[in-house]
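1. kindly generate the corresponding structure for this input.
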Amino acid sequence: MFNDAGVRSPVFQIDNIYLSSATATKLLATVEGVTDVKQRKLFAKSSDIHVEFQYLGRPYIVWEPYGDNSRFWIGPADMVTDAAPVRELDSTADICRLEDAFKRYQPPFYRKILGDIFTLRFLHRRDE
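-> Numbers count the residues shown, from 1 in each chain. The predicted structure is shown next:
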């Protein structure tokens, strides 16, 4: 996503049907620059924020708007919490490194099949 000035937004979205918050937690732990990864506890006060982590020293979250959305939003914690505003990333490559980890993720076969059925993805041509 880009803003009106053409600057890459530090937020991206992924379909959550293909991965759980536990899988997102494990995936984030493998990304260079990510530290302090914490998955939401069962019965936590917020059901919208699934994972909290530090990315390049800045607070980030994996957020599911309204707790029942079909997508996870990954971005600075200040997009939904009272955290101090996250300053702009040093380069657009910084957020791309994080996003690429999710793009490279391959769900288990059964999850991919179920995800493709529920999203009707098999009906749409994909250029990947």
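2. per-residue pLDDT, the residue most central in space within the chain?
-> With distances taken as C-alpha atoms, centre = their mean, I74 lies nearest the centre of the chain, 3.3 Å away. At I74, the pLDDT value in this model is 90.
3. give me the beta-bridge partners of it?
-> Beta-bridge partners for I74, by DSSP bridges, are F12, V62.
4. right, and E64 touches I74 too?
-> No - using C-beta atoms under 8 Å, E64 is not in contact with I74, being 10.5 Å away. For every residue, glycine as well, the C-beta is placed using N, CA and C.
5. could you look up the SS state of T25?
-> Taken by DSSP: H, G, I helix; E, B strand; the rest coil, the conformation at T25 corresponds to helix.
6. leaving out sequence neighbours, find the closest residue to it.
-> Q39 (4.4 Å; C-beta to C-beta, 6 or more residues apart in numbering).
7. that neighbour: how many residues sit nearby?
-> 18 (other C-beta atoms under 10 Å).
8. just the one 3 residues further on next, same as before
-> Here the number of neighbours of L42 (other C-beta under 10 Å) works out to 5.
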